[in-house]
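**Student:** Okay, predicted coordinates and the sequence, questions at the end:
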Amino acid sequence: MLIKYGVNHHLPPYNSVIGCLVAPSSILRRQQFLVRILGGFSSQTYQNRVGGIRSVAACGVEADAESILRAITPALESSKHKGQAGKIAVVGGCREYTGAPYFAAISALKIGADLSHVFCTKDAAPVIKGYSPELIVHPILEESYSIRDEDKSCVTQRVLAEIDKWLERFDCLVVGPGLGRDPFLLDCVNEIIKRAQHLNVPIIVDGDGLFLVTNCLDLVSGYPLAVLTPNVNEYKRLIDKVLNCEVNDREANQQVQFLAKQMGGITILRKGKSDLISDGDIVKSVSTYGSPRRCGGQGDILSGSVLIMDPRAKYSPQGHHREVTRAGISSPSYSLNTDERGLSAREHL
Ligand SMILES: NC(=O)C1=CN([C@@H]2O[C@H](COP(=O)(O)OP(=O)(O)OC[C@H]3O[C@@H](n4cnc5c(N)ncnc54)[C@H](OP(=O)(O)O)[C@@H]3O)[C@@H](O)[C@H]2O)[C@@H](O)CC1
Ligand SMILES: Nc1ncnc2c1ncn2[C@@H]1O[C@H](COP(=O)(O)OP(=O)(O)OP(=O)(O)O)[C@@H](O)[C@H]1O
Ligand SMILES: [Mg+2]
């Protein structure tokens, strides 16, 4: 499922998710959500214009929301088989944190993915399975406390062999929600990220995945299919490590853009009162009003949502294979982003 317009706009703010919860019907809710993710859209504006929708995108850019919605929403057709609306996976979940991977995985499923997998530690798996029969849970990761030093290399091989069976099938991966910071586990995940890149699987990095990546910048730098979704702390650590300075809120847009550029043009989605998204070329912000509650798990819902909205997923709905190089997307076939006249959604802006 490919939801995006332009090259820099995969941005579902959690605020939008909250907005959906109060809408009257599931269809309206879903439509409203889609309109909002396309850029800062108030509920009232939506209600006023729902007939022939034109939405106001973030930063005052006028977007033709109806065209965009039509362009990005895959049709549900009887000819399609299970999985064609999205097969995604979350790598996360350890002894302490079982909620985070659940929130990410279930969000992707609720928004429209067909299949949602979770790769977590053995301890976390029964708990996550207990939350939902809809998730496919793989208890394959191990933490240091459960294995002897001499078994580590063999365990790593086993984990990677198990991952290899699945990785190629996924349209997108989120790495990090509730992963924890066990060094052995992070070493395994480091390898998983490398393998995902080798297969050109888009990767969202969140939570403890950002801890890993911040300490090993080469892991994602320059990979065009990487999206980092840092919260306040995670962003601070990234800025410190990459730019060797402090967060500058007065020039927040320029700083996030510079960060993305310095990391080789990956996409950064900085969460906060206003979410800022940049790929190093342009910056978009989303400040749609949502819930003032700031409970744990909201970022996990966001990363799970970004998962299925990443437009660079493995296959376009027409089944064209994506081809990506470190330098960029070499032969994108995002026909979802074009309308009948062949205009890309970006050109509508
Ligand atoms: N149910 C689950 O399983 C959940 C599991 N989760 C998982 O937990 C793991 C660690 O992720 P994380 O985000 O808790 O860790 P981190 O970035 O170190 O921040 C922690 C400290 O930062 C502070 N702080 C926070 N916001 C701030 C602000 N705006 N401005 C200033 N300070 C702020 C605040 O410090 P305090 O106020 O306590 O001093 C807070 O204690 C990760 O894997 C994640 O996925 C979560 O997803 C939640 C649901
Ligand atoms: N100060 C804020 N005001 C309004 N909305 C906010 C604020 N901070 C974050 N948000 C919203 O909450 C979403 C999640 O961001 P948050 O900073 O809570 O992530 P997180 O700390 O990673 O969450 P999690 O507890 O899941 O790890 C953001 O995308 C944004 O829409
Ligand atoms: Mg988080």
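**Tutor:** Looks like it came in fine. Ligands and ions are numbered 1, 2, ... in the order given.
**Student:** Show me what from the protein comes close to ligand 2.
**Tutor:** Residues of the chain lying close to ligand 2 by Cβ under 6 Å from any ligand atom are 13-15, 207, 231, 271-273, 275, 290, 294, 296-300, 302. C-betas here are computed from N, CA, C, even on glycine.
**Student:** again, only using 8 Å
**Tutor:** Taking Cβ under 8 Å from any ligand atom as the measure of proximity, the chain contacts ligand 2 at 13-16, 100, 103, 177, 206-207, 229-234, 269, 271-275, 286, 290-292, 294-303.
**Student:** so of the residues you listed, which ones are in strands?
**Tutor:** Among the residues of the chain next to ligand 2, the ones falling in strands (DSSP state E) are 269, 275, 286.
**Student:** Can I get those in TSV including distance to Phe119?
**Tutor:** Below are those laid out as TSV (distance: Cβ to Cβ, whole Å):
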residue	distance to Phe119
Leu269	22
Asp275	27
Val286	29
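**Student:** Neighbour count and pLDDT added to those residues, as JSON lines?
**Tutor:** Listed next are these as JSON lines, based on neighbours: other Cβ atoms under 10 Å; pLDDT from 0 to 100:
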{"residue": "Leu269", "neighbour count": "26", "pLDDT": "95"}
{"residue": "Asp275", "neighbour count": "23", "pLDDT": "92"}
{"residue": "Val286", "neighbour count": "26", "pLDDT": "83"}
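**Student:** and the residue of the stretch 51-200 of the chain found nearest ligand 1, what does it touch?
**Tutor:** Going by Cβ to the nearest ligand atom, ligand 1 is nearest to Gly99 of the stretch 51-200 of the chain, at 2.5 Å. Listed by Cβ atoms under 8 Å, 6 or more residues apart in numbering, the contact set of Gly99 reads 178, 296-297, 300.
**Student:** again with Asn231
**Tutor:** Here Asn231 is in contact with 271-272, 299 (Cβ under 8 Å, 6+ apart).
**Student:** any idea of the pLDDT on the residue of the stretch 51-200 of the chain closest to ligand 1?
**Tutor:** On pLDDT, Gly99 comes in at 98.
**Student:** Now do Ala161: how many residues are near it, please.
**Tutor:** For Ala161, the tally of surrounding residues (other Cβ atoms under 10 Å) stands at 10.
**Student:** I meant Leu135, not that one.
**Tutor:** Neighbour number of Leu135 under other Cβ under 10 Å is 19.
**Student:** With Gly180 instead?
**Tutor:** Using other Cβ under 10 Å as the criterion, Gly180 is surrounded by 22 other residues.
**Student:** Just give the nearest non-adjacent residue to it, would you?
**Tutor:** The shortest distance from Gly180 to any non-neighbouring residue, by Cβ to Cβ, 6 or more residues apart in numbering, is to Cys94 (3.7 Å).
**Student:** Near ligand 1, which residues of the stretch 201-349 of the chain are found?
**Tutor:** Taking Cβ under 8 Å from any ligand atom as the contact definition, the stretch 201-349 of the chain meets ligand 1 at 206-208, 210-211, 231-234, 272, 294, 296-297, 299-300.
**Student:** among these, who's most crowded?
**Tutor:** Neighbour counts for these, by other Cβ under 10 Å, peak at Asp206, which reaches 32 neighbours.
**Student:** how about the nearest residue to it, chain neighbours excluded?
**Tutor:** Excluding its sequence neighbours, the residue lying closest to Asp206 (Cβ to Cβ, 6+ apart) is Ser303, at 3.9 Å.
**Student:** ok, stretch 184-194 near ligand 1 or not?
**Tutor:** No: Stretch 184-194 lies apart from ligand 1 when judged by Cβ under 8 Å from any ligand atom; the minimum separation is 11.3 Å.
**Student:** average model confidence for that stretch?
**Tutor:** In this model, stretch 184-194 carries a mean pLDDT of 98.
**Student:** which stretches of the stretch 201-349 of the chain have low pLDDT?
**Tutor:** Within the stretch 201-349 of the chain, the segments meeting pLDDT under 70 span 310-349.
**Student:** now, which of the residues of the stretch 201-349 of the chain next to ligand 1 sits nearest ligand 3?
**Tutor:** Of all those, ligand 3 sits closest to Gly299, with 3.4 Å by Cβ to the ion.
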